[in-house]
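> Predicted model follows, preceded by the sequence.
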Amino acid sequence: MLQIGVEDNGNILGLEKDLELVGNSRDKFEQLLANLIGEYLGSQYAPFLKGHFEEVDGKMISVFEIRPSSDPVYLQTPKGSKKVILRSGSYHHTRSRPPRNREVHSKSLGQDREQIDHAIF
């Protein structure tokens, strides 16, 4: 699950400043996110995300449920190269090239396969 408007420590920031950038329109905010997903991950992965807005402590946040993909999903840079970002808690590691397969990648990081399956974005 991805929560936008919530800090890693659970503090609710809200989306007010983000929504101001798109004329306080939730629809435009969702369109912006869909465009970013298409541009940086690939539009074929849009069906894996289901988002909605929630009010928490009087502040609006965006919550996305993300279904796993059968294949790794890579961040595509504006220059067209692919990057792998692995995140565990507040730590993240970036690789410049995708691994040949998950097993090789998990061994190279010294982590077990289950952790890697949940960490590739």
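Perfect, thanks for sending it. Residues are numbered from 1 along each chain as shown.
> For the longest helix seen in the chain, buried residues please.
The longest helix of the chain (DSSP state H) is helix 26-37. Applying a neighbour-count criterion of 16 or more other C-beta atoms under 10 Å, one finds 29, 33, 37 buried in helix 26-37. Placement of C-beta: from N, CA and C, glycine included.
> Dump the residues you listed to TSV, plus pLDDT and distance to residue 23.
Shown next, in TSV, are these (pLDDT from 0 to 100; distance: C-beta to C-beta, whole Å):
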residue	pLDDT	distance to residue 23
29	93	9
33	89	15
37	87	21
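> Give the other helices and strands that the longest helix of the chain contacts.
helix 16-20, strand 49-56 (3 or more C-beta pairs under 8 Å, 6 or more residues apart in numbering; DSSP states H and E).
> Skipping its backbone neighbours, what lies nearest residue 1 in space?
residue 65 (5.8 Å; C-beta to C-beta, 6 or more residues apart in numbering).
> got it, and residue 50?
Using C-beta to C-beta, 6+ apart, the nearest residue to residue 50 is residue 65, at 4.9 Å.
> Quick one: residues contacting the one you found.
Each residue near residue 65 by C-beta atoms under 8 Å, 6 or more residues apart in numbering is listed here: 1, 49-51.
> from those, which is closest to residue 42?
residue 49 (11.9 Å; C-beta to C-beta).
> measure stretch 55-73 end to end?
Terminal residues of stretch 55-73 lie 30 Å apart, using C-alpha to C-alpha, to the nearest Å.
> for it, which positions count as buried?
Counting neighbours by 16+ other C-beta under 10 Å, one finds that the buried residues in stretch 55-73 are 60-63, 72-73.
> Please apply the same query to stretch 39-58.
Residues of stretch 39-58 classed as buried: 41, 45 (neighbour count, 16+ other C-beta under 10 Å).
> Quick check: mean pLDDT of that stretch?
Mean pLDDT, stretch 39-58: 90.
> Would you mind pulling the contact partners of that stretch?
6, 12, 15, 26, 30, 33-34, 37-38, 60-69, 73-76, 121.
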